[in-house]
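Visitor: what follows is a protein structure lacking sequence information:
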């Protein structure tokens, strides 16, 4: 999916020129790449709107930028506090992707008609509805509810499970029963259904170092797509029999946009990482993206031949621990971690022939393993267009918002 070495060298020179007056560490977004990635998501969506996953962006200015483009509609948020903040900021369609236990947030939602119309919350258990009622604190607004369907692939009679452990609701019958528990309960309105297939959308199928594993992933994903398409369609039909006015059916993710959008039952597709294209999205056959979010660390030491040390760098991503969760030394090409030290809390040694060409004060450019988690480390993002910085946008952290 990457450019040639010459292109990457040109990008490095361009980024260095654009940010020559900045002191590293800092983070930057290549807006040309960001916009090209947005266009590609829309193309793959095939006419169905893309709902932006805010956890993968975590910058209000960039959320607003992408929502202003044709083909994007609404935000898929990650906490209730964030949802309310975005709605108060003017985003009129926010779906909370995860159940919440935020009592103060539910009290605020239930007491404000504008927030209650803009924010939809997730449920996969009647107990969550009871929790919301217990948190209303006198608020009487109707709460918009989205149900979540488990998408995991079950094999060998259920003894093998592939996929994230999310909703306990798996069958169309179970989902219809949950839908009835919402529609029969005063103070709630059933408006949506979500089914996120992370084992398809978030797992690369073209690992360069393992053809056998890649083939296994492709076979698994093909089977999972077939099974889920049938089950999701049946689930949507079952829920629509309970609530014919269902407003949306959300599915997918960056790695599965075109496949999910092709399902007739799905009305919109979620995506967010495909805007930044972090390193965990390197190995997909289904799309080609351009790395758009980067951070630069300064060289502060030259311990010996073939070694430099940069300031900071210990920014691992969430998920099962492993080397793939570390940021990628990206530019100049050819640097790698010291196996004994990895990415350090305060400093990070990097090995490789390019180290001998780096001087104290030079930058090494990194890509984070995941998308939005980069923004938890930096208060602002420098917008690069061509070889200039054309603006600076605060991250959530820069606006004093650390939601999770």
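Guide: Cool, got the structure. This one's a predicted model, so the numbers in the text were calculated from it and none came from an experiment.

Visitor: please count neighbours and contacts with C-alpha atoms only from this point.
Guide: Fine.

Visitor: how much space between residue 142 and residue 187?
Guide: 5 Å (Cα to Cα, to the nearest Å).

Visitor: how about residues contacting stretch 395-404?
Guide: If you take Cα atoms under 8 Å, 6 or more residues apart in numbering as the criterion, stretch 395-404 is touched by 58-60, 79, 81-82, 375-381.

Visitor: from those residues, which ones fall inside helices?
Guide: In this view, the contacts of stretch 395-404 that belong to helices under DSSP state H are 60, 81-82.

Visitor: and the spatially most central residue of the chain, what is it in contact with?
Guide: With distances taken as Cα atoms, centre = their mean, the residue of the chain nearest its centroid is residue 56 (3.2 Å). Each residue near residue 56 by Cα under 8 Å, 6+ apart is listed here: 272-273, 276, 370-373.

Visitor: most neighbours among those, which one?
Guide: Greatest neighbour count in the contacts of residue 56, by other Cα atoms under 10 Å, goes to residue 276: 29 neighbours.

Visitor: and the pLDDT at it?
Guide: According to the prediction, residue 276 has pLDDT 98.

Visitor: what about the residue nearest to it when sequence neighbours are not counted, how many residues nearby?
Guide: Nearest in space to residue 276, with sequence neighbours left out and distances taken as Cα to Cα, 6 or more residues apart in numbering, is residue 292 at 4.8 Å. Other residues near residue 292 number 23, with proximity taken as other Cα under 10 Å.

Visitor: could you check how far the spatially closest residue to the residue nearest to the centre of the chain that is not a sequence neighbour is from residue 381?
Guide: Distances taken as Cα to Cα, 6+ apart put residue 372 closest to residue 56, at 3.9 Å, once the chain neighbours are dropped. Relative to residue 381, residue 372 is positioned 12 Å away (criterion: Cα to Cα).

Visitor: chain neighbours aside, what residue packs nearest to residue 250?
Guide: Nearest residue to residue 250, sequence neighbours excluded (Cα to Cα, 6+ apart): residue 194, at 4.6 Å.

Visitor: check residue 140 too.
Guide: In this structure, residue 140 finds its nearest non-sequential neighbour in residue 110, 5.7 Å apart by Cα to Cα, 6+ apart.

Visitor: packing partners of the helix or strand containing the one you found?
Guide: Using DSSP states H and E, residue 110 maps to helix 103-111. Helix 103-111 is packed against helix 80-88, helix 113-118, helix 126-135, with contacts defined by 3 or more Cα pairs under 8 Å, 6 or more residues apart in numbering; DSSP states H and E.

Visitor: cutoff 7 Å now
Guide: With contacts defined as 3 or more Cα pairs under 7 Å, 6 or more residues apart in numbering; DSSP states H and E, helix 103-111 has these neighbours: helix 113-118, helix 126-135.

Visitor: just the pLDDT for residue 45.
Guide: We note a pLDDT of 96 for residue 45 in this prediction.

Visitor: that one contacts residue 261, correct?
Guide: Yes: with contact defined as Cα atoms under 7 Å, residue 45 reaches residue 261; the gap is 5.6 Å.

Visitor: distance check, the residue nearest to residue 276 against residue 240.
Guide: From residue 292 to residue 240 the distance is 40 Å (Cα to Cα).

Visitor: low pLDDT regions in the stretch 151-300 of the chain?
Guide: Using pLDDT under 70 as the threshold, the predicted model of the stretch 151-300 of the chain has low-confidence ranges 201-202, 204-207.

Visitor: count the neighbours of residue 244 for me.
Guide: The number of residues packed near residue 244 is 12, by other Cα under 10 Å.

Visitor: using the three-state scheme, assign it.
Guide: Three-state call for residue 244 (DSSP: H, G, I helix; E, B strand; the rest coil): coil.

Visitor: got a list of what the residue nearest to residue 276 touches?
Guide: Under the criterion of Cα atoms under 7 Å, 6 or more residues apart in numbering, the neighbours of residue 292 are 29-30, 33-34, 276-277.

Visitor: quick one: those residues as a markdown table, columns for distance to residue 106 and secondary structure too.
Guide: A markdown table is the format used below for those (distance: Cα to Cα, whole Å; DSSP: H, G, I helix; E, B strand; the rest coil):
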| residue | distance to residue 106 | secondary structure |
| --- | --- | --- |
| 29 | 34 | strand |
| 30 | 37 | strand |
| 33 | 38 | helix |
| 34 | 34 | helix |
| 276 | 32 | helix |
| 277 | 34 | coil |
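
Visitor: now tabulate those in a markdown table and tack on distance to residue 390.
Guide: Rendered in a markdown table, the data for the contacts of residue 292 read as follows (distance: Cα to Cα, whole Å):
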| residue | distance to residue 390 |
| --- | --- |
| 29 | 11 |
| 30 | 10 |
| 33 | 14 |
| 34 | 14 |
| 276 | 18 |
| 277 | 21 |
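
Visitor: of the residues you listed, closest to residue 159?
Guide: Comparing the contacts of residue 292 against residue 159 with Cα to Cα picks out residue 277 as the nearest, at 34.2 Å.

Visitor: so what's that closest one closest to, chain neighbours aside?
Guide: The spatially closest residue to residue 277, leaving aside those adjacent along the chain, is residue 291, at 5.0 Å (Cα to Cα, 6+ apart).
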